[in-house]
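Trainee: Return atomic coordinates for the entry below.
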Amino acid sequence: EIVKDFSALYPVRLFPDHPFAVWEQWAWPHALRRDRAEVTHGTANIGPLLWHGKIVLTVHDVIEWHRGTAFPSSIAFRHRLSRLYRMNTLKRLVRRADAILTVSDHAQGDISKTLKISRQRIRVTPLASKISPMAPNYRKDGYFLVLGALDPRKNLEGVLRAFAKCQFKEVRLKVVGLEPSAVKSARALVTQYRLDGRVDLQEMISDEALHALYKKAMGFLYLSLYEGFGLPVLEAMALGCPVIGSNRTAVRDVVGVDGLLVDPQNFEEVALAMDRLVRYESLRGILIQRGLKSAEYYSWEKTAIATHEVFEEVLRAKS
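Mentor: Below is the predicted model of the structure:
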């Protein structure tokens, strides 16, 4: 669908589906030379090393350098190979790139410190919600919403531990977006924390179903231990859902004063924030209004303009 939309305005060609390293380091530069391209944009932490034209590189985060320190980590052997390739490639690319973009002030500082490059070389072009902010809906049902993932970084276990301490036992927790293979493990955690009958687990759902859940939730929990941005926070705010967010990394910057910031590993603090949202309708109303304004501040138009300016600078610069 995305290709169909863009094809109405721009020439679009899809590359063959080679294994990722072959695609990135052979098919990509080969296509650039064939088309006599002046510049290429690596949009996701990667780019072609064996090409001598200009490169704009978007680095969303340097999360791989924080595994096992900022958050627990256990990854499969295949992921370890991919991680080794991507980390070493990115270290070379940031020195080779003509311009570097990232998605948040936190990511800008983290990339600069971790990869030892000047912060001034990194331009921030924030993300935005694909949802237009809507008039607030104050009619809330008795549940909190969380996006499910068993990656320790996403801190689902921490959410469950905090929910178990929540005073309002009639309030439910809806966990959506679980990979099918993760449901059994998630159910075991629910039982471990004696939450059977209070937590609903769902696999992947449509955008429309997710948006409906945002609108009716008393609050959205986003207690990630590390994020380069935290796009679901903006989506929740755009749909009139109060946010309880982690006070770490980019989530802290995106939530700001427009939600409740908590220590994601202080379960009593998280439970207290949940109880406040249940107890005080006026607080929910304030956070809804603030969240809508915050969601309006971020826009893809701003991102596009800032990105376009970078491309113009790169193309004007002498090789």
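Trainee: Kindly state the pLDDT recorded for the spatially closest residue to Trp65 that is not a sequence neighbour?
Mentor: Excluding the flanking residues, the one nearest Trp65 by Cβ to Cβ, 6 or more residues apart in numbering is Thr114, at 5.0 Å. Using the backbone N, CA and C atoms, a C-beta is placed for each residue, glycine as well. We have a pLDDT of 97 for Thr114.
Trainee: element containing Thr114?
Mentor: Assigned by DSSP states H and E, Thr114 belongs to helix 105-115.
Trainee: Any buried residues in the helix or strand just after that helix, and which?
Mentor: Of the helices and strands lying after helix 105-115 in sequence (DSSP H and E), the nearest is strand 122-124. For strand 122-124, burial by neighbour count (16 or more other Cβ atoms under 10 Å) applies to 122-123.
Trainee: again with stretch 297-305
Mentor: 298, 303.
Trainee: Use 480 as the first number from now on
Mentor: Happy to do that; since the first residue is 480 now, the last one works out to stretch 776-784.
Trainee: what's in contact with stretch 754-765?
Mentor: Identification of contacts with stretch 754-765 by Cβ atoms under 8 Å, 6 or more residues apart in numbering yields 615, 617, 619, 623, 645-647, 650, 697-698, 721, 723, 739, 766.
Trainee: Tell me the most packed of the residues you listed, by neighbour count.
Mentor: Using other Cβ atoms under 10 Å as the neighbour test, these are led by Ile723, with 28 neighbours.
Trainee: For that one, give the beta-bridge partners.
Mentor: Leu700, Leu739 (DSSP bridges).
Trainee: can you pull the contacts of it?
Mentor: Contacts of Ile723 (Cβ under 8 Å, 6+ apart): 698-702, 738-739, 741, 749, 752-753, 756.
Trainee: hang on, the earlier thing: same question for the helix holding Thr593: list its buried residues.
Mentor: So for helix 584-594, counting by 16+ other Cβ under 10 Å, buried means 585-587, 589-591, 593-594.
Trainee: Packing partners of it?
Mentor: helix 556-575, strand 578-581, strand 601-603, helix 728-734 (3 or more Cβ pairs under 8 Å, 6 or more residues apart in numbering; DSSP states H and E).
Trainee: Tell me the strands beside the third one, with direction?
Mentor: Okay, so that is strand 601-603. strand 578-581 (parallel).
Trainee: Using PDB, write out every CA atom in the partner strand.
Mentor: Extracted in PDB, the C-alpha atoms of strand 578-581 (Å, rounded to 0.1, in the frame of the first residue of the first chain):
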ATOM      1  CA  ALA A 578      24.900  13.900   7.300                       C
ATOM      2  CA  ILE A 579      23.400  12.000  10.300                       C
ATOM      3  CA  LEU A 580      19.800  12.300  11.400                       C
ATOM      4  CA  THR A 581      18.200  10.900  14.500                       C
END
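Trainee: Dump the helices and strands packed on helix 584-594 to TSV, plus mean pLDDT and distance to Pro659.
Mentor: What follows is the helices and strands packed on helix 584-594, written out as TSV (pLDDT from 0 to 100; distance: least, Cβ to Cβ, whole Å):
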stretch	mean pLDDT	distance to Pro659
helix 556-575	89	19
strand 578-581	98	33
strand 601-603	97	36
helix 728-734	95	27
